[in-house]
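**Student:** one predicted model, sequence on top.
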Amino acid sequence: MIAAGPYRKLSLWHDTVPGSLTPGAPLRGNAEADVAIVGAGFTGLWTAYYLARADPQLRIVVCEREIAGFGASGRNGGWCSALFPASLAKLERMAGRDSAIALQRAMHGAVDEVGAVAAAEGIDCHFAKGGTVQLARSPAQLEHARAEVAEAREYGFGEDDLRLLTAAEARAMAAASDVLGGTYTPHCAAIHPARLVRGLADAVRRAGVQLHERTPVLRIEPRRVTTAAGTVTARYVVRATEGYTPGLPGLERAIAPVYSLMIATAPLPESDWEQIGLAGRPTFGDLRHLIIYGQRTADGRLAFGGRGAPYHLGSAVRPAFDQVPVVFEALRRTLGQLFPAARDAEITHRWGGPIGIARDWCASAGLDRETGLGWAGGYVGDGVSTTNLAGRTLADLITGTDSELVRLPWVGHRSPPWEPEPLRWLGLNAGLRVMGLADREEARTGRPSRAAGFMGRFLGD
């Protein structure tokens with residue numbers, strides 16, 4: 001565990017969240033519950049929230065190693081999007097066309113559900129449903145944009161869900177350099193993630209959930225959660241640990257923690273925003289392979305992140321890995337290339353953290369009724385709204401509610417384990433390198449990279 005004081009240093013979001021980040025009471029001794037949840041990020045808190053609403057008599061205990069929202073839930077890019085890590089084509093192969101479409105529609109609904117709960121609970125998370133603009137800044141990226149829209153049309157999603165942008169239309173949303181076109185979807189909201197996750201923690205406490213912070217979990221077993229301070233026995237045990245999952249015995253190969261890093265500028269003057277655009281606060285990125293993502297914050301900053309940090313041998317997760325100067329410098333340089341008006345902006349915050357990736361790049365949620373063990377995760381960085389869907393789904397599974405949610409194709413899906421080390425280290429870091437090389441190749445040739453397509457097959461597309 002880290003010292004209690006430095007939590008505000010974790011990210012821009014932690015630094016600017018109102019209220020105290022002082023940890024709540026830890027577990028002291030043994031406890032009994034109907035449902036024990038391990039992890040107080042979005043997955044665990046949404047599950048507790050919907051369970052408490054479904055049955056206020058349930059005894060729900062949440063155990064968190066640090067503070068609520070310590071991990072990716074409090075550090076992410078603030079995209080409450082309808083993105084699901086597995087493609088529609090992959091979901092169709094798993095469960096059929098109708099099921100794939102149903103899951104995507106459920107993701108659309110999850111964006112609005114997050115906003116509705118935030119409003120109902122009085123959580124001012126700066127929710128702004130401005131959609132997402134993905135810029136095409138090379139001929140190859142423009143081909144990717146056309147392919148994405150064509151796939152959406154194949155599955156019955158129209159202009160109201162995803163549309164192709166001309167260069168002028170894209171620049172009107174995000175006045176970046178070298179724009180040839182892009183895509184736009186309305187199914188995304190920019191948020192302040194730490195405000196949302198901390199507000200959600202307050203909401204579950206008000207609902208009677210026992211949330212124990214600074215309570216490291218040592219082991220998860222059927223009907224039992226073992227912590228350093230005592231044991232929680234429960235009919236159901238939900239694992240909501242995402243990128244921190246490999247630290248639990250027996251789960252070392254279930255999820256690979258891969259780091260995503262971010263930077264944030266100081267608030268920019270209005271003269272800069274006149275050049276940059278992003279009115280209405282759409283989230284933004286471009287269609288390169290090595291993902292970048294950003295938003296205009298409610299207080300007038302650019303918060304910008306991307307992949308590129310290495311995967312660490314043995315699925316290691318350490319505070320030191322949150323800081324990779326060469327990646328921060330690459331992000332600063334890329335941001336300046338996108339928006340020249342921000343090239344000399346002061347960078348006030350630099351941070352990072354692990355996201356969780358399943359071996360087949362497909363998130364899942366489920367409950368084994370025989371053991372009472374439930375889980376959700378493997379969001380590949382697209383978890384802000386997917387966790388909401390997971391929480392509602394787990395609540396229905398635990399309470400035995402027959403709903404459309406429990407029949408979605410990700411429910412009960414079991415991803416294969418990751419390869420043992422050092423194969424896992426070699427494969428993941430090779431993938432990062434190939435995607436970076438593919439972006440440079442496409443910028444040089446203007447044609448989609450074959451290497452990226454091959455790597456996509458390795459990654460489970």
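**Tutor:** Yes, it's here.
**Student:** you'd agree residue 60 is up against residue 49?
**Tutor:** No - using C-beta atoms under 8 Å, residue 60 is not in contact with residue 49, being 9.6 Å away. Bear in mind the C-beta positions are built from the backbone N, C-alpha and C, glycine included.
**Student:** overlap of the contact sets of these two?
**Tutor:** Between them, residue 60 and residue 49 share these contacting residues under C-beta atoms under 8 Å, 6 or more residues apart in numbering: 204, 209.
**Student:** quick check: which ranges of the chain have low pLDDT?
**Tutor:** Judged by pLDDT under 70, the chain has its weakly predicted residues at 1-5, 451-461.
**Student:** domains for it, by residue range?
**Tutor:** Residue ranges for the structural domains of the chain, counted by automatic domain parsing, are given in the record as 5-76+193-256+360-407, 128-190+258-357+421-458.
**Student:** for residue 83, which of those is the nearest?
**Tutor:** Comparing those against residue 83 with C-beta to C-beta, the closest turns out to be domain 5-76+193-256+360-407 (4.2 Å).
**Student:** any chance of the domains of the chain in a markdown table, with mean neighbour count and distance to residue 94 too?
**Tutor:** Rendered in a markdown table, the data for those read as follows (neighbours: other C-beta atoms under 10 Å; distance: least, C-beta to C-beta, whole Å):
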| stretch | mean neighbour count | distance to residue 94 |
| --- | --- | --- |
| domain 5-76+193-256+360-407 | 21 | 8 |
| domain 128-190+258-357+421-458 | 19 | 14 |
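**Student:** list phi and psi for residue 191.
**Tutor:** With angles defined as degrees, to the nearest 10, residue 191 shows backbone torsions of phi -140, psi 170.
**Student:** that one and residue 126 touch, don't they?
**Tutor:** Yes - Residue 191 lies in contact with residue 126 (C-beta under 8 Å); the separation is 5.9 Å.
**Student:** more neighbours: the two, which one.
**Tutor:** When neighbours are counted by other C-beta atoms under 10 Å, residue 191 comes out ahead of the other of residue 191 and residue 126, with 31 against 19.
**Student:** how close does that one sit to residue 244?
**Tutor:** Using C-beta to C-beta, to the nearest Å, one gets 22 Å for the distance from residue 191 to residue 244.
**Student:** still on that earlier bit, now tabulate the domains of the chain in a markdown table and tack on distance to residue 113.
**Tutor:** As requested, the domains of the chain are exported to a markdown table (distance: least, C-beta to C-beta, whole Å):
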| stretch | distance to residue 113 |
| --- | --- |
| domain 5-76+193-256+360-407 | 6 |
| domain 128-190+258-357+421-458 | 11 |
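**Student:** quick check: which element contains residue 142?
**Tutor:** Here residue 142 sits within helix 139-154, counting by DSSP states H and E.
**Student:** ditto for residue 260
**Tutor:** Per DSSP H and E, the secondary structure element for residue 260 is strand 256-265.
**Student:** direction included, what does that strand pair against?
**Tutor:** Sheet pairing for strand 256-265, assigned by DSSP bridges, gives strand 302-306 (antiparallel), strand 347-357 (antiparallel).
**Student:** and the last one, how far from the chain's centre?
**Tutor:** With C-alpha atoms, centre = their mean, to the nearest Å as the basis, strand 347-357 stands 12 Å off its chain's centre.
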